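Asks: Structural data only, the sequence is not supplied:
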Ligand code: I3P
């Protein structure tokens, strides 16, 4: 018998394709497992990194952005093409509890087409040599308890995928936050390449102007393009990446709302406010997060993998639900690269081009301190999805 399919959520570029209203039969189909949720490229990039060396060249302009729209796609491989369904960012999920459990998998970001449904409790992520090597090395590492389960590679529809555990499977109506770690979000080799072969991109220019029309220089305005490292550095300086060593990329809450508008969330107080809202007034969730982050930090101190890798573009995925279950996972190793033999990183000293430092540990310490102050300040009113549950 075929294994049941786990549906996937897709966040697609706003304006791409023609949305239509969801109808009752759509939800019924969803509940029967006839849909899959698939994540496309997003401004949050939480899980979708493709091959390190090629992204800059491969991505087209219209593949680079999401404003948090969720798309559901029919899973049935019947040959007949069913329409893509688009669901605006702010939605109230009209599912029963059982239906919602079946639709429990959500992916906050990644590049288009990166995910597919797998057997129950698992997902398929588009193959990346880099990421696969990381998972292989992590099998015997102190960080193993904090990374998604990896079950090898599989072929599907002529493509290779990494077979991984679905991190949301044990949650009911999960709240999910993606925090991208480190003081730098691009590889040194991307910097070198842009210097040797500058390739201004219009999509990145447009994303920059959308947030700050004064962001581009006069030359960038006239060519209507910015290079990738220039864009990434600007993103880092606008958000808390440079100042705190991590930034909030996106949040999906239990009521189905998605937010990706954190590009200007920069100060510690801004971050505290976002976390307060994320946990909906529950200080115990914050405490659980702090203790999990502290365990991760301890594990990093003994991890060989951590010492021997430059960790770029990796995120911490925060997940909690109304039962009080709260976990943090280290995800996205598409741009994590091994250092030459004999070299190690400290992860908490400043980056200078050539030293490959990523500021991961410094960011993690800042994140822990920030969350501790959320706990100290209290979080304000409780808003929990159990209320929604009672109504369903
Ligand atoms: C994207 C984000 C991603 C990055 C992507 C950027 O910007 O920095 O991390 O992908 O580059 O466009 P934003 O968050 O503002 O949308 P990688 O981490 O894989 O480099 P891309 O457009 O080349 O995919």
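Replies: Here it is on my side, so go on. Because the structure is predicted, anything quoted here is derived from the model rather than measured.

Asks: show me where this structure has helices.
Replies: 24-31, 55-58, 97-102, 129-138, 188-196, 202-211, 218-223, 228-238, 241-244, 268-279, 283-302, 304-308, 360-377, 386-391 (DSSP state H).

Asks: got JSON lines for those, with distance to residue 256, mean pLDDT and mean neighbour count too?
Replies: Backbone N, C-alpha and C define where each C-beta goes, glycine included. JSON lines is the format used below for the helices of the chain (distance: least, CB to CB, whole Å; pLDDT from 0 to 100; neighbours: other CB atoms under 10 Å):
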{"stretch": "helix 24-31", "distance to residue 256": "12", "mean pLDDT": "39", "mean neighbour count": "16"}
{"stretch": "helix 55-58", "distance to residue 256": "30", "mean pLDDT": "32", "mean neighbour count": "14"}
{"stretch": "helix 97-102", "distance to residue 256": "9", "mean pLDDT": "44", "mean neighbour count": "16"}
{"stretch": "helix 129-138", "distance to residue 256": "29", "mean pLDDT": "98", "mean neighbour count": "19"}
{"stretch": "helix 188-196", "distance to residue 256": "35", "mean pLDDT": "94", "mean neighbour count": "15"}
{"stretch": "helix 202-211", "distance to residue 256": "24", "mean pLDDT": "98", "mean neighbour count": "18"}
{"stretch": "helix 218-223", "distance to residue 256": "37", "mean pLDDT": "98", "mean neighbour count": "12"}
{"stretch": "helix 228-238", "distance to residue 256": "27", "mean pLDDT": "97", "mean neighbour count": "20"}
{"stretch": "helix 241-244", "distance to residue 256": "28", "mean pLDDT": "98", "mean neighbour count": "20"}
{"stretch": "helix 268-279", "distance to residue 256": "15", "mean pLDDT": "97", "mean neighbour count": "18"}
{"stretch": "helix 283-302", "distance to residue 256": "19", "mean pLDDT": "98", "mean neighbour count": "17"}
{"stretch": "helix 304-308", "distance to residue 256": "35", "mean pLDDT": "98", "mean neighbour count": "18"}
{"stretch": "helix 360-377", "distance to residue 256": "24", "mean pLDDT": "93", "mean neighbour count": "19"}
{"stretch": "helix 386-391", "distance to residue 256": "9", "mean pLDDT": "41", "mean neighbour count": "12"}
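
Asks: how about CSV for these, with distance to residue 353 added?
Replies: Formatted as CSV, these follow (distance: least, CB to CB, whole Å):
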stretch, distance to residue 353
helix 24-31, 48
helix 55-58, 18
helix 97-102, 47
helix 129-138, 21
helix 188-196, 6
helix 202-211, 21
helix 218-223, 21
helix 228-238, 11
helix 241-244, 15
helix 268-279, 27
helix 283-302, 24
helix 304-308, 20
helix 360-377, 17
helix 386-391, 49
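
Asks: For these, give me CSV that also has distance to the ligand.
Replies: CSV is the format used below for the helices of the chain (distance: least, CB to the nearest ligand atom, whole Å):
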stretch, distance to the ligand
helix 24-31, 28
helix 55-58, 5
helix 97-102, 28
helix 129-138, 11
helix 188-196, 8
helix 202-211, 5
helix 218-223, 15
helix 228-238, 5
helix 241-244, 10
helix 268-279, 16
helix 283-302, 21
helix 304-308, 20
helix 360-377, 15
helix 386-391, 29
